[in-house]
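Novice: okay, predicted coordinates and the sequence, questions at the end:
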Amino acid sequence: MLAKINNFEIDLSKPIDISIQLTNTNENPIAWYIEKPVIEPVVFGDWIGKVSEGKSSTNFNNIFFNPHGHGTHTECLGHITNDFYSINQSLKQFFFFAKLITVEPEKIGDDLVITKEQILTALNAISASPEASGSLSMTNGALIIRTLPNQKDKKSRKYSNTNPPYLSEEAAIFIRESEIQHLLIDLPSVDKEHDEGKLLAHKAFWNVKDTHNLNNDARFEATITEMIFVPNEIEDGNYLLNLQIASFENDASPSKPVLYSIANF
Ligand SMILES: N[C@@H](CC(=O)c1ccccc1NC=O)C(=O)O
């Protein structure tokens, strides 16, 4: 199925799913010190909501999970504010032009940090490649950051107390100033795991100056998607992104970002 968007052709039959599956097994990734998700049948006395148990006509599971700790999720600035803001009210459009870049975080002290320079270099490499288009503006678009090394075990990694790589404040400011509305990354957070609540990159990206008293120019419609996985065979470049959430009235929701190649520049 082909779609024409502006001057670009998109083959909707070739989705590239960059979400991580959510399961109740030890395969599930975990961040932030919680246990694995629970997916289990409802039980009423001797009635069990599981067809294979022979007591019910339907499978009928309860699910207990945490959007931030258990896999691919999209969050709005409500993740860090005193007042409540909902991702379901923040994200009202679902298709965006997106740039996929790959960076190898730089060792700074005991940390691995994604710097502004790395992002600039990776963006320039895309613009220089013949099939790519520097003309696709990033304004209101998405930036997808794949970090190296990019092993498949990212889909089941246990991140708690591992001090994963994170984004420098300067890099987050650069992304905000580039008017990128949606940031996607294959790490559990854009910020350092133990940072005493500083959350420098979150605040810089959302332009939140005071979490208890929001400035008018905070970026209410900007989102951060964490714990994606971009397979190695997907090349850096320009894509169409379909970013879907479940309609949770919560700061974050599990999400399903899907890329489509863009042809006919
Ligand atoms: N680094 C923060 C904690 C943090 O970032 C966090 C804690 C629980 C769930 C999600 C978190 N951040 C996600 O982006 C701190 O040390 O206070």
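Specialist: Structure received.
Novice: from the ligand, how far out is the residue positioned nearest the centre of the chain?
Specialist: The residue lying closest to the centre of the chain (C-alpha atoms, centre = their mean) is residue 225, at 2.1 Å. According to C-beta to the nearest ligand atom, to the nearest Å, residue 225 and the ligand sit 11 Å apart. C-betas here are computed from N, CA, C, even on glycine.
Novice: swap in residue 59?
Specialist: In terms of C-beta to the nearest ligand atom, residue 59 sits 31 Å off from the ligand.
Novice: swap in residue 32?
Specialist: 4 Å.
Novice: hang on, that residue packs against residue 188?
Specialist: Yes: taking contacts as C-beta atoms under 8 Å, residue 32 lies within contact range of residue 188: 7.2 Å.
Novice: so between these two, which is more surrounded?
Specialist: residue 188 (24 against 13; other C-beta atoms under 10 Å).
Novice: setting aside sequence neighbours, what's the nearest residue to the more buried one?
Specialist: residue 31 (3.6 Å; C-beta to C-beta, 6 or more residues apart in numbering).
Novice: okay, buried residues for the one helix or strand the residue nearest to the centre of the chain maps to please.
Specialist: Here residue 225 sits within strand 223-226, counting by DSSP states H and E. Residues 223-226 are the ones in strand 223-226 that count as buried (16 or more other C-beta atoms under 10 Å).
Novice: now do the contacts for the nearest residue to residue 72 once chain neighbours are set aside.
Specialist: Nearest in space to residue 72, with sequence neighbours left out and distances taken as C-beta to C-beta, 6+ apart, is residue 19 at 4.1 Å. For residue 19, the contacting residues are 71-72, 228-229, 255-258, by C-beta atoms under 8 Å, 6 or more residues apart in numbering.
Novice: switch to 10 Å and redo it
Specialist: If you count contacts by C-beta atoms under 10 Å, 6 or more residues apart in numbering, residue 19 has them with 71-73, 155, 225, 227-229, 244, 254-258.
Novice: try residue 13
Specialist: 1-2, 260.
Novice: now the host helix or strand of residue 202: how far from the chain's centre is it?
Specialist: For residue 202, the enclosing helix or strand under DSSP H and E is helix 200-206. Helix 200-206 has its C-alpha centroid displaced from the chain centroid by 15 Å (C-alpha atoms, centre = their mean, to the nearest Å).
Novice: ok, now stretch 6-18?
Specialist: Relative to the centre of its chain, stretch 6-18 is centred 19 Å away, using C-alpha atoms, centre = their mean.
Novice: endpoints of it, how far apart?
Specialist: This stretch, stretch 6-18, spans 24 Å end to end (C-alpha to C-alpha, to the nearest Å).
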